[in-house]
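S.K.: Predicted coordinates and the sequence they were generated for:
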2 protein chains.
Amino acid sequence: MTTVAVVGPQQKGNVGTIARAMKNFGFADLTLVDPPAIEPGDEAYGFAGHAREDVLPNAETTTFDELIAAYHTIGFTAIPGEDEGRHVRYPYRSPAELADSLAVDAERFDAPIALAFGREDTGLANEELARMDEICSIPASADYPVLNLGQAATIALYELRGLADAPTQHAPRDRAAVEATDGLYEQLDALLGATDHPEEKRPKANRLFRRVFGRARLTGREAATLRGVFRRATELIEDDY
Amino acid sequence: MTTVAVVGPQQKGNVGTIARAMKNFGFADLTLVDPPAIEPGDEAYGFAGHAREDVLPNAETTTFDELIAAYHTIGFTAIPGEDEGRHVRYPYRSPAELADSLAVDAERFDAPIALAFGREDTGLANEELARMDEICSIPASADYPVLNLGQAATIALYELRGLADAPTQHAPRDRAAVEATDGLYEQLDALLGATDHPEEKRPKANRLFRRVFGRARLTGREAATLRGVFRRATELIEDDY
């Protein structure tokens, strides 16, 4: 299951444009975080085309925290990190690379996915991107890489339209429940504590863990094994103090 | 040289949206056939983003006959012909196929190209498509394949950005050197040893590490950070024995 999440949209027209692109490319599930009030007859409906009949009226509103908790989140940004020095937004994938990697992993990866887009003017904030599992950026002209929100979502949904086809001839094998990966991240943070990792560097290290394991799309067994190894290490270190 | 041609646009906002997508993907030359009057400050400018500074004010107006005469024309349509019996709209290419074929032919093909889009409500007419050199159609949901004009042009320009050949905002990628990831795997094996991981399970755990971090495609910095955290943990455990 894939939801399209829009965080803090300001213009109703863009919500309608995104709803239309969703219907054009076979997506049905729209999630809004902190949206403007949307009602039949307003600009959102005006831009939605046939999506005014289903995608738009069926949109659900949630909080950012709930979004992060419930989905494997992929955050879109026009301005990715350029190098390893800015790793909130790095590494990132292009939509085509993301489509490829999700297709490769489709067999074993059936966690619900959220494709998350940010505000018209400032996009997703660094604090928001830091909590997401993967980063995606649309390649555009270096002179003017900032796409309009509705246009960015349209391109992303076009490239990722394969996600909307239920790929079902292969049974999903296994996936790490969100709780299992969250437990892994907590354990890694505890390991940082046990190893006296410099306090000011801990958020950065935790973000790095989330990026790395988010991209790897852990199975439940992998998450449990990793968590077990790091718990044992943490306990052994703490026992001796 | 590639121009983007819009035939008979009715809504100024769509012209602005197309101008913005052009600037986002490095195209500069906009040609309008039978457009509404467009003036600074109106809706076209409102949707154009930074393209209000150049693409939009530099747009040229021409006739359909002149367009056909001056360019190798590629007409976009949501509803292509299904078979050879409807050959005004058949055969057609997808934007990705078109990008590939134009790249293959780039060396010998230096006619100016026009990417032509039609009206919001009815698109390009059969009589117009019949006079064009190639037909392109964007793959979309069979239930609702009709894209909004601005969104269709955005996807087309994104796929065909190679024609404009503008450098993108994405920096060249970094990959962890093989030695860096090998060092990480050795360190993880040492951590297994320090934590008395059952001997018979060590090869399996090592394989799991390799799979997980392999899928994540670590950057050099990520590999180094992870290795550092696990080395410190291993040292702390071993120091106390």
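M.R.: Sure, I can see it.
S.K.: Tell me the pLDDT of the nearest residue to residue A:151 once chain neighbours are set aside.
M.R.: Spatially, and ignoring its direct neighbours in sequence, residue A:151 is nearest to residue B:154 (4.6 Å; Cβ to Cβ, 6 or more residues apart in numbering or on different chains). From N, CA and C alone the C-beta is placed, and that goes for glycine too. Per-residue confidence (pLDDT) for residue B:154: 98.
S.K.: Quick check: residue B:154 is in a helix.
M.R.: Yes - inclusion of residue B:154 in a helix is indicated when DSSP: H, G, I helix; E, B strand; the rest coil is applied.
S.K.: and it, how many neighbours does it have?
M.R.: A total of 28 residues lie near residue B:154 under the criterion other Cβ atoms under 10 Å in any protein chain shown.
S.K.: which ones are touching it?
M.R.: When contacts are counted by Cβ atoms under 8 Å, 6 or more residues apart in numbering or on different chains, residue B:154 touches A:151, A:154-155, B:17-18, B:21.
S.K.: Just send the residues you listed back as JSON lines, with distance to residue B:97 too.
M.R.: As requested, these are exported to JSON lines (distance: Cβ to Cβ, whole Å):
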{"residue": "A:151", "distance to residue B:97": "22"}
{"residue": "A:154", "distance to residue B:97": "20"}
{"residue": "A:155", "distance to residue B:97": "17"}
{"residue": "B:17", "distance to residue B:97": "24"}
{"residue": "B:18", "distance to residue B:97": "22"}
{"residue": "B:21", "distance to residue B:97": "20"}
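S.K.: Of the residues you listed, just say which sits nearest to residue B:143.
M.R.: residue A:154 (17.1 Å; Cβ to Cβ).
S.K.: Tell me the spacing between that closest one and residue B:134.
M.R.: The gap separating residue A:154 from residue B:134 is 23 Å, by Cβ to Cβ, to the nearest Å.
S.K.: now do residue A:194
M.R.: 64 Å.
S.K.: So which of the two has more stuff around it?
M.R.: Neighbours were counted for residue A:194 and for residue B:134 using other Cβ under 10 Å; residue A:194 has more, 21 against 17.
S.K.: what pLDDT does the more buried one get?
M.R.: 94.
S.K.: repeat for residue A:174
M.R.: Residue A:174 carries a pLDDT score of 45 in this model.
S.K.: starting at the chain centroid, how far to the lengthiest helix in chain A?
M.R.: Longest helix in chain A, counting residues (DSSP state H): helix A:220-239. In terms of Cα atoms, centre = their mean, to the nearest Å, the centre of helix A:220-239 is found 26 Å from the chain centre.
S.K.: ok, of the contacts of residue B:154, which one's closest to residue B:114?
M.R.: residue B:18 (13.3 Å).
S.K.: What are the boundaries of the helices in chain A?
M.R.: Ranges of helices in chain A, per DSSP H, are A:12-24, A:43-47, A:64-70, A:95-105, A:126-129, A:149-159, A:161-164, A:178-194, A:202-216, A:220-239.
S.K.: Could you dump the ones you listed into TSV with distance to residue B:122 added?
M.R.: Shown next, in TSV, are the helices of chain A (distance: least, Cβ to Cβ, whole Å):
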stretch	distance to residue B:122
helix A:12-24	18
helix A:43-47	19
helix A:64-70	40
helix A:95-105	30
helix A:126-129	42
helix A:149-159	21
helix A:161-164	25
helix A:178-194	47
helix A:202-216	45
helix A:220-239	52
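S.K.: Contacts only, for residue A:196.
M.R.: Residues near residue A:196 by Cβ under 8 Å, 6+ apart: residue B:232.
S.K.: quick revisit: to residue B:130, which of the helices of chain A lies closest?
M.R.: Closest approach to residue B:130 among these is made by helix A:12-24 (26.1 Å; Cβ to Cβ).
S.K.: relative to helix B:12-24, how tilted is that closest one?
M.R.: 80 degrees (axes from the mean of the first three to the mean of the last three Cα atoms, to 10 degrees).
S.K.: just checking, what packs against helix A:12-24?
M.R.: strand A:2-7, strand A:29-33, helix A:43-47, helix A:149-159, helix B:149-159 (3 or more Cβ pairs under 8 Å, 6 or more residues apart in numbering or on different chains; DSSP states H and E).
S.K.: Tell me what angle it forms with helix A:149-159.
M.R.: Using the same axes, to 10 degrees: helix A:12-24 against helix A:149-159 is 10 degrees.
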